[in-house]
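Enquirer: Provided below for reference: sequence and predicted model.
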Amino acid sequence: GAVVSQHPSWVICKSGTSVKIECRSLDFQATTMFWYRQFPKQSLMLMATSNEGSKATYEQGVEKDKFLINHASLTLSTLTVTSAHPEDSSFYICSAYKDGDYGYTFGSGTRLTVV
Amino acid sequence: DAKTTQPTSMDCAEGRAANLPCNHSTISGNEYVYWYRQIHSQGPQYIIHGLKNNETNEMASLIITEDRKSSTLILPHATLRDTAVYYCIVSPGDMRFGAGTRLTVKP
């Protein structure tokens, strides 16, 4: 199968601090990973597309200096929420693509609460 | 914006077939139709995908119209655990999600 591990599954941090979320493809190499955020009772909103070894492509309205994305290897992408504020509290989800039957596989999500 | 539109919500009786429609009238020739579902506070789960032929797996069937402008996901015998939000998307090239369909399976 195709498994994507996302860590941590939940985190609480203080305003002004930074939080890093990891997304790993466990049994396949992912040239492209995607990051989403989701507010309660809303759909997933694409934040950025991350390609291994290059800069991420951010969606309009997403601050690239606030949401730092690093895709240093074919199995790991990280999202760092810098100087977090309560309005950044959300459910963050990553996805990785594998050619073949599995297509896009999603992580289990990270619930970020900024206090 | 997402390239798909779906009804906001649907109900289905337990044990009956659930038919979830999706419109993707601007789909390109090389784009696949993917279906996922999301249960509260979890990441989306892959269900099925197809290009132009109908597809079936252990979870569901996917019917794609001949002009590829719409598709229907069929859960043949819905159970209470199938209650979730179902999303269809077209890809590659666009991984933006629409609002999805909230399916409620009732006893």
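Expert: Noted; the coordinates are in hand.

Enquirer: Can you pull up the residues of chain B that come close to chain A?
Expert: Residues of chain B lying close to chain A by C-beta under 8 Å from any C-beta of the partner chain are B:32, B:34, B:36, B:38, B:41-46, B:49, B:85, B:87, B:91-92, B:95-100. No exception for glycine: its C-beta is placed from N, CA and C like everyone else's.

Enquirer: In strands only, show me these.
Expert: Mapping those onto strands (DSSP state E) picks out B:Y32, B:Y34, B:Y36, B:Q38, B:Q45, B:Y46, B:H49, B:V85, B:Y87, B:S91.

Enquirer: Tell me if I'm right that the fourth one and B:T83 touch.
Expert: Okay, so that is B:Q38. No. Contact criterion C-beta atoms under 8 Å: B:Q38 and B:T83 do not qualify, at 11.1 Å.

Enquirer: Could you check which of these two has the larger neighbour count?
Expert: B:Q38 (22 against 19; other C-beta atoms under 10 Å in any protein chain shown).

Enquirer: For that one, list the residues it contacts.
Expert: Contact analysis of B:Q38 by C-beta atoms under 8 Å, 6 or more residues apart in numbering or on different chains lists A:L44, B:P44, B:Q45, B:A84, B:V85, B:Y87, B:G100.

Enquirer: what's the answer for B:Q42, then?
Expert: A:S108, A:G109.

Enquirer: That one and A:F106, how far apart?
Expert: In this view, B:Q42 and A:F106 are 9 Å apart by C-beta to C-beta, to the nearest Å.

Enquirer: just B:L62 next, same as before
Expert: Following C-beta to C-beta, the distance that separates B:L62 from A:F106 is 19 Å.

Enquirer: next one: A:C94
Expert: Applying C-beta to C-beta, the value for A:C94 to A:F106 is 7 Å.

Enquirer: Can you redo the ones in strands among the residues of chain B next to chain A as JSON lines, where the extra columns are distance to A:V62 and pLDDT?
Expert: Formatted as JSON lines, these follow (distance: C-beta to C-beta, whole Å; pLDDT from 0 to 100):
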{"residue": "B:Y32", "distance to A:V62": "26", "pLDDT": "91"}
{"residue": "B:Y34", "distance to A:V62": "23", "pLDDT": "93"}
{"residue": "B:Y36", "distance to A:V62": "22", "pLDDT": "95"}
{"residue": "B:Q38", "distance to A:V62": "21", "pLDDT": "96"}
{"residue": "B:Q45", "distance to A:V62": "25", "pLDDT": "93"}
{"residue": "B:Y46", "distance to A:V62": "25", "pLDDT": "91"}
{"residue": "B:H49", "distance to A:V62": "27", "pLDDT": "93"}
{"residue": "B:V85", "distance to A:V62": "23", "pLDDT": "97"}
{"residue": "B:Y87", "distance to A:V62": "20", "pLDDT": "96"}
{"residue": "B:S91", "distance to A:V62": "20", "pLDDT": "85"}
